[in-house]
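[1] here's a sequence, model it:
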Amino acid sequence: MAEPEPMASAAGQRLGAPETLGISTLDPGHRPPAMPPGRHVTIRVRMLDDTEELFDISQRASGKVLFDLVCSHMNLIEGDYFGLEFQDHHKMMVWLDLIKPIIKQLRRPKHTTLRFVVKFFPPDHAQLLEELTRYLFALQIKQDLACGRLTCNDSSAALMVSHIIQSEIGDFEESQCRSHLLNNNYIPDQMALIDKIMEFHSKNIGQTPAESDYQLLEVARRLEMYGIRLHPAKDREGTRLSLAVAHTGVLVFQGHTKINGFNWSKVRKLSFKRKRFLIKLRPDVNSSYQDTLEFLMASRDCCKVFWKICVEYHAFFRLFEEPKPKPKPVLFTRGNTIKALTSAILSGRKHSRVQHNSRLSPLPSPRHHEVPTESCAPGDRVDSPSRRHWKESVLVSAEDPLAARKRASPSSQRNGREDRPGPGARPVAEEARGSARQAHPEQLSTGVVSNSPHLSASSGHSQGMVNGQKSLELCSHSPDGRQPSPLTSPLLNDASSIRTDDEDERFPTDRAYFIAKELLTTERTYLKDLEVVTVSFQGAVGQDEATPETLKNTIFSNFEPLYKFHTGFLREVEQRLALWEGRSNAHIKGDYQRIGDVLLKNLQGLKPLTTNLHKQSEALVELEKACRASRRLEGLCRDFELQKVCYIPLNVFILRPLHRLMHYKQILERLCKHYPPTHVDFRDCRAALADVSEVVEQLQGSMIKMENFQKLLELKKDLIGVDNLVIPGREFIRLGCLSKLSGKGLQQRMFFLFNDVILYTSRGMTATNQFKVHGQLPLHGMTIRESEDEWGVPHAFTLVGQRQSVVVAASSLSEMEKWMEDIKMAIDMAETSNGPSSDLLASNLTDNKCPEDSSVEAESEDDMTASHTSLEKPTPHRGNTTVHVCWHRNTSVSMVDFSIAVENQLSGNLLRKFKNSNGWQKLWVVFTNFSLFFYKTHQDDYPLASLPLLGYSVTIPSESENIHKDYVFKLHFKSHVYYFRSESEYTFERWMEVIRSATVSSSRSRILNRKESHPH
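    Residues are numbered from 1 along each chain as shown. Now for the predicted structure:
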């Protein structure tokens, strides 16, 4: 009998994967490069599981030959994400260049150990198709945690360690878990967190090793330091900083805190000159940065290493096709510069190209649906559509014998896991994909078996519940069926996600349907806002010892019943709209084309929770008291507000249940106005309107007080140099930008008008990004007069106080009129009422500053010049508040504008187009707090980006703009132009209405009417 021929080791054989499955590190049809002749050397490579492997290779071989040998040894298919690093003769960690011969890179190959590590960190681990790849990423995260490179808060660290030990030892058993943690150190200072780790581990019961790896990556990718390698540098002032590069662009850190970031779309050029690393930015009228930013690094080599990895990252995540090589110059070459760039593109182009090519594939979806996702924090919801998708795919081939195979480590089986089903138990859906590929070999050259993976935001992102975000399917398509790249933010790329009219969905055209759909869309946003408090805030702050029990009882015990109730309410609304649209039980019509009965039933069900609504004001007061009493709690709340999930001030989320009642009332009023009295839905809508109006009437007085209290608390965070801003009787009236006349001319100042005093401030380079108070003007005894002719300054007026006078100028006539009207009203209020004391300044600023005070003005000039330096100082305070927007847009906003903005909240899908682009892009848009927040879908936990609307104008496009579509409105500010397209006449009118409320200030009569009807 003839002996069988030995079978060649195929890629992915340890996992039972077919040879052609997934992403190959080689172009289709290419074989690994042949080993060149010459003397062989032995190279030592340390794997991610800390084992070491020896590879015999020719000295003349390129780095790619060695890298391909390592990938082949591990049966690794998605090798593009990884690299080999080593310590060069300057004691610097550098990446092995895949183009250069090894002999030119390793001076002493026998004595050099290369490390196989993750080089490129994608924004979403769901883009990784192979389980082995996710396992290697999990090992990288484990290493980064242990060495302290991946820093995070205690909760996130404990949660990640719990997933690691679940993967290693299986389900929770107290004595085994404690013993394992005592014998293995996963994070610095682990002993203090053992109890918390065990608590999280006990909740992972039933989780397979593959699912544990998935959840570990789900938590890690949301951390600010995920995938970050810091490169020490200094700015022009000599401040010690660190530079890093990520898929979004170049980042700036101080310590382990990100203080700035420059997106690829804003970077025009990266270069270095000796020790100086230079970032040249594209011109931006709204930016305070110089065109070119300069950082000083330790040496030219440090600059070159960082420059090269930046180029590689940019090529890896942004290039969708390999640039065509330019003809070589005849007389000379530029040597290493071009080689480095070529190497970067060759090694980095594959991720973006793979994502681009994957959109061409008609084959089934990638394996990121095979692991049912769950929240990274306790209490978060499972993505049920993804889970359902996974279950259906498993049914394809349930009897495949390879489904029971276990996963191997990079060099051997994982320790301690041979006795139970490993994560490498290859999902049978993978077999179905493998057979599909073998049946269609002609598809191999078109790319990977993949739909476009889930989109993840930049930054930071995210964070643990940190900054919660779940994996979501993309919803927009291009005309040829391709999906947009998940690696480029749709707000930064004009060409992404092209949409045609053929994709417009056909739904009912009745106006009542679109009113009901507004209820659905805004309810989805409202439920997400409740999640911020019940899930994210409770996870970040509620479990901390510094949080008093009274605060937990006041906030969380009130919000959790509301969250549970509105979850059920949203489900009913979704079911009713599905019937109305005919997407289910299409033959049933008539009785289901209404919404009043659902509203009436649920608003009556909400009545028992009215007590919880009355306690919202108590929750706001209790939170403020607790923060004043505990510096630690104040810091926790401040840190939470910096997370992306907290996209508006935390106090606004606390008042959301009160605001939502007004939205229900407005929706019911529109329905009752639309329906004739004989309509089947009219009676239910009218009854529901009566119920909600009664509750709103009861809460209206406290709501106005709480809005004022919330605004004072928010302003307190924006100001520095104020001791007692929040006191009984003080009312906020207006804030905005005015130019103050001094001996040195007009200087930009931020003014804050209250019912007893005016504060004027400037924004400088403070460590907290706040506005520094320069002086106060008591309103008692003040007079105001126009003084344009007196000073020769347009739109100028003079504030004449008892101790000093100040001349200011507004940016326009309308701004001047609004300021003068509000100040006159405030003066009358101060004269006729016993208002609060107007001494607001801190002890070191108690003396009122006169306009000619040279020390004040000199300090102000320093602030203004500092704002144009290479980067901001540490900013533990949110820098995109309404105050900052008014400063940059040179405008103002009043308390009545804030009150109207609370009433005019809206969300839904819009198509967006840039000025110079051709395609329309579908986005989920939320309007609140004078801003548009953009999401990929309504399921996203935080926005991709935001657009503050103060200063913008909203109009209808003219004929010359060639926007030949219905229901399109235009937003423009200076050179910034955006077009938005809605689905119906009703939604178009609503978007125009709410956006105009943010771009056009309301009349003073509105606030007077509110106060007269609800005195407080």
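[2] for the stretch 601-750 of the chain, which segments count as helices?
    Taking DSSP state H, counting those that start in this stretch, the helices of the stretch 601-750 of the chain run over residues 610-614, 616-629, 631-641, 650-674, 682-718.
[3] most tightly packed of the ones you listed?
    Ranked by mean neighbour count, those are led by helix 650-674 with a mean of 20 (mean count of other CB atoms under 10 Å). Any C-beta I mention is one placed from the backbone N, CA and C, and that applies to glycine too.
[4] between that helix and helix 616-629, how many degrees?
    170 degrees (axes from the mean of the first three to the mean of the last three CA atoms, to 10 degrees).
[5] what angle sits between helix 650-674 and helix 682-718?
    Between helix 650-674 and helix 682-718, the angle comes out at 160 degrees (the same axes, to 10 degrees).
[6] any idea of the mean pLDDT for helix 650-674?
    Averaging pLDDT along helix 650-674 gives 90.
[7] other SSEs contacting that helix?
    helix 511-531, helix 549-581, helix 596-606, helix 610-614, helix 616-629, helix 631-641, helix 682-718, helix 895-903 (3 or more CB pairs under 8 Å, 6 or more residues apart in numbering; DSSP states H and E).
[8] just so I know, which of those helices lies nearest residue 920?
    Closest to residue 920 of the helices and strands packed on helix 650-674 is helix 511-531 (CB to CB; 18.7 Å).
[9] same for that closest one, what does it pack against?
    Packing partners of helix 511-531 (3+ CB pairs under 8 Å, 6+ apart): helix 549-581, helix 650-674, strand 906-914, helix 985-999.
[10] need these in TSV with distance to residue 532, can you?
    Shown next, in TSV, are the helices and strands packed on helix 511-531 (distance: least, CB to CB, whole Å):
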stretch	distance to residue 532
helix 549-581	10
helix 650-674	5
strand 906-914	15
helix 985-999	21
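[11] do you know which of the ones you listed lies nearest residue 526?
    Nearest of the helices and strands packed on helix 511-531 to residue 526, taken as CB to CB: helix 650-674 at 5.3 Å.
[12] in TSV: the helices of the stretch 601-750 of the chain, plus distance to residue 296.
    Below are the helices of the stretch 601-750 of the chain laid out as TSV (distance: least, CB to CB, whole Å):
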stretch	distance to residue 296
helix 610-614	56
helix 616-629	39
helix 631-641	30
helix 650-674	38
helix 682-718	33
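[13] for residue 729, find the nearest of those helices.
    Ranking those by their distance to residue 729 (criterion: CB to CB) puts helix 682-718 first, at 10.4 Å.
[14] check the average confidence over the closest one, would you?
    Across helix 682-718, the average pLDDT comes to 88.
[15] next one: stretch 81-97
    Throughout stretch 81-97, pLDDT has a mean value of 88.
[16] flag every buried residue along it.
    In terms of neighbour count (16 or more other CB atoms under 10 Å), stretch 81-97 has its buried residues at 81-84, 86, 94-97.
[17] just the closest of the residues you listed to residue 811, please.
    For the buried residues of stretch 81-97, the minimum distance to residue 811 (CB to CB) is 50.3 Å, reached by residue 81.
[18] would you agree the closest one is in contact with residue 130?
    No: contact criterion CB atoms under 8 Å: residue 81 and residue 130 do not qualify, at 10.2 Å.
[19] residues near residue 806, how many?
    Residue 806: 23 surrounding residues under other CB atoms under 10 Å.
[20] can you check the one 10 residues further on too?
    Using other CB under 10 Å, residue 816 has 20 neighbouring residues.
[21] quick one: residues in contact with the helix or strand hosting it.
    For residue 816, the host element (DSSP states H and E) is helix 813-832. Identification of contacts with helix 813-832 by CB atoms under 8 Å, 6 or more residues apart in numbering yields 733-734, 736, 738, 751, 753-756, 758, 778-780, 782-784, 786, 795-797, 799, 809-810, 835, 891-892, 894, 1001, 1004.
[22] am I right that residue 55 sits in a strand?
    Yes: according to DSSP: H, G, I helix; E, B strand; the rest coil, the state of residue 55 is that of a strand.
[23] what secondary structure does the nearest residue in space to it that is not next to it in sequence sit in?
    Leaving out its chain neighbours, the residue that sits closest to residue 55 by CB to CB, 6 or more residues apart in numbering is residue 43, at 4.9 Å. With three-state DSSP as the basis, residue 43 sits in strand.
[24] what about residue 43, neighbour count?
    Residues contacting residue 43 under the criterion other CB under 10 Å number 25.
[25] so what pLDDT did it get?
    Residue 43 is assigned a predicted lDDT (pLDDT) of 90.
[26] contacts only, for it.
    With contact taken as CB under 8 Å, 6+ apart, residue 43 is in contact with 54-57, 66, 102, 106, 109, 112, 114.
[27] most neighbours out of the residues you listed, which is it?
    Counting by other CB under 10 Å, residue 114 has the largest number of neighbours within those, with 26 neighbours.
[28] my guess is it contacts residue 87, does it?
    No: judged on CB under 8 Å, residue 114 makes no contact with residue 87 at a distance of 9.5 Å.
[29] OK, contacts around residue 509?
    Residues in contact with residue 509 (CB under 8 Å, 6+ apart) are residue 984.
[30] residues contacting the closest residue to residue 204 other than its chain neighbours?
    Take residue 204 and drop its neighbours on the chain: the residue closest to it by CB to CB, 6+ apart is residue 166, 4.3 Å away. Contact analysis of residue 166 by CB under 8 Å, 6+ apart lists 172, 201, 204, 207, 209, 212.
[31] tell me how many other residues crowd the second one.
    In other words, residue 201. 26.
[32] helices of the stretch 101-250 of the chain, start to end?
    Secondary structure of the stretch 101-250 of the chain by DSSP H, counting those that start in this stretch: the helices cover 131-147, 154-169, 174-183, 194-201, 209-220.
[33] so what touches the shortest one?
    So the one you mean is helix 194-201. Taking contacts as CB under 8 Å, 6+ apart, the residues outside helix 194-201 that touch it are 154-155, 158-159, 161-162, 165-166, 172, 174, 177-178, 181-182, 190, 378.
[34] partner residues bridging residue 754?
    Per DSSP bridges, the residues bridged to residue 754 are residue 732.
[35] skip the chain neighbours and tell me the closest residue to residue 662.
    In space, residue 662 is closest to residue 903, 5.6 Å off (CB to CB, 6+ apart).
[36] what does residue 706 give?
    Closest residue to residue 706 apart from its sequence neighbours, by CB to CB, 6+ apart: residue 617 at 4.7 Å.
[37] any idea how far the one you found lies from residue 699?
    According to CB to CB, to the nearest Å, residue 617 stands 9 Å off from residue 699.
[38] SS state for residue 311?
    helix.
[39] make sure it is actually in contact with residue 270.
    Yes: between residue 311 and residue 270 there is a contact at 7.0 Å, judged by CB under 8 Å.
[40] could you pull up phi and psi at residue 973?
    phi -140, psi 110 (degrees, to the nearest 10).
[41] which stretches of the protein aren't confidently modelled?
    1-34, 284-290, 320-508, 583-591, 764-768, 834-880, 1000-1016 (pLDDT under 70).
[42] domain ranges for it?
    The chain breaks down by the TED database into domains covering 40-221, 230-317, 515-718, 723-832, 905-998.
[43] tabulate these (JSON lines), appending distance to residue 884.
    Shown next, in JSON lines, are the domains of the chain (distance: least, CB to CB, whole Å):
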{"stretch": "domain 40-221", "distance to residue 884": "26"}
{"stretch": "domain 230-317", "distance to residue 884": "11"}
{"stretch": "domain 515-718", "distance to residue 884": "8"}
{"stretch": "domain 723-832", "distance to residue 884": "7"}
{"stretch": "domain 905-998", "distance to residue 884": "9"}
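[44] who wins for proximity to residue 883 among the ones you listed?
    Closest approach to residue 883 among those (CB to CB): domain 515-718, 4.6 Å.
[45] can you tell me which of the helices of the stretch 101-250 of the chain is most buried?
    Per residue and on average, the most neighbours among these fall to helix 209-220, with a mean of 25 (mean count of other CB under 10 Å).
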